[in-house]
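>>> 3D model of this:
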Amino acid sequence: MHDIYSTVDIFSSLKDVLLQPTVEAVVIATPAETHFILAREALLSSKHVFVEKPMTLTEKDAEELIDLAASRNLILMVGHLLQYHPAFVRLKQIASDGELGRINYIYSHRMTSP
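Take a look at the predicted model:
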């Protein structure tokens, strides 16, 4: 596979990735119980972090990551699958504009086209 993507660096460990000065950010997409330790390690290595939700399993751990990112002026972003989807962006806009009146509750289902 490396022959196909010869310009892509391949690393065998997170440690090797975090030691690379050319790597500015990492994505944490692992089982939830590993999110805190991996995100913390990346932030301590001065990398921006995008972590899939849940960011951590405890509020205390989440606060630690938030404080660590802020103290190092790094971006810590949690993956919210549909937050930036055009349909949800539009729904948020029309709700904010008052076009829907008073909203008490919104519920949706993701469905695929036939």
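>>> Do a quick rundown of the strands in the chain.
25-28, 48-52, 76-79 (DSSP state E).
>>> Output the below-cut-off pLDDT ranges for the chain.
The model of the chain has pLDDT under 70 over residues 1-2, 110-114.
>>> let's go with 80 and repeat that
For the chain, the stretches with pLDDT under 80 are 1-3, 5, 80-84, 108-114.
>>> residues near the closest residue to P54 other than its chain neighbours, how many?
In space, and not counting its chain neighbours, P54 is closest to A32: 5.5 Å by CB to CB, 6 or more residues apart in numbering. C-betas here are computed from N, CA, C, even on glycine. Neighbours of A32 under the rule other CB atoms under 10 Å: 14.
>>> A39 now?
Count around A39 with other CB under 10 Å applied: 27.
>>> gap between the lengthiest helix in the chain and the chain center?
Using DSSP state H, we find that the single longest helix of the chain is helix 59-71. Centroid separation for helix 59-71 versus its chain: 14 Å, with CA atoms, centre = their mean, to the nearest Å.
>>> do the same with stretch 9-22
Its chain's C-alpha centre and that of stretch 9-22 lie 19 Å apart, by CA atoms, centre = their mean.
>>> First-to-last residue distance for that stretch?
Using CA to CA, to the nearest Å, one end of stretch 9-22 lies 11 Å from the other.
>>> List the residues that contact the residue lying closest to S45 once chain neighbours are set aside.
For S45, ignoring the flanking residues on the chain, the nearest one in space by CB to CB, 6+ apart is L18 at 3.9 Å. Counting by CB atoms under 8 Å, 6 or more residues apart in numbering, L18 makes contact with 26, 41-42, 45, 47.
>>> ok, the residue of the chain most remote from its centre to M77 distance?
The C-alpha centroid of the chain is most remote from G101, which lies 32.2 Å away (CA atoms, centre = their mean). Relative to M77, G101 is positioned 32 Å away (CB to CB, to the nearest Å).
>>> same deal with Q93?
Q93 is 21 Å from M77, where distance means CB to CB.
>>> A32 touches V51, doesn't it?
No - the criterion here is CB atoms under 8 Å, and A32 misses it with V51 at 9.7 Å.
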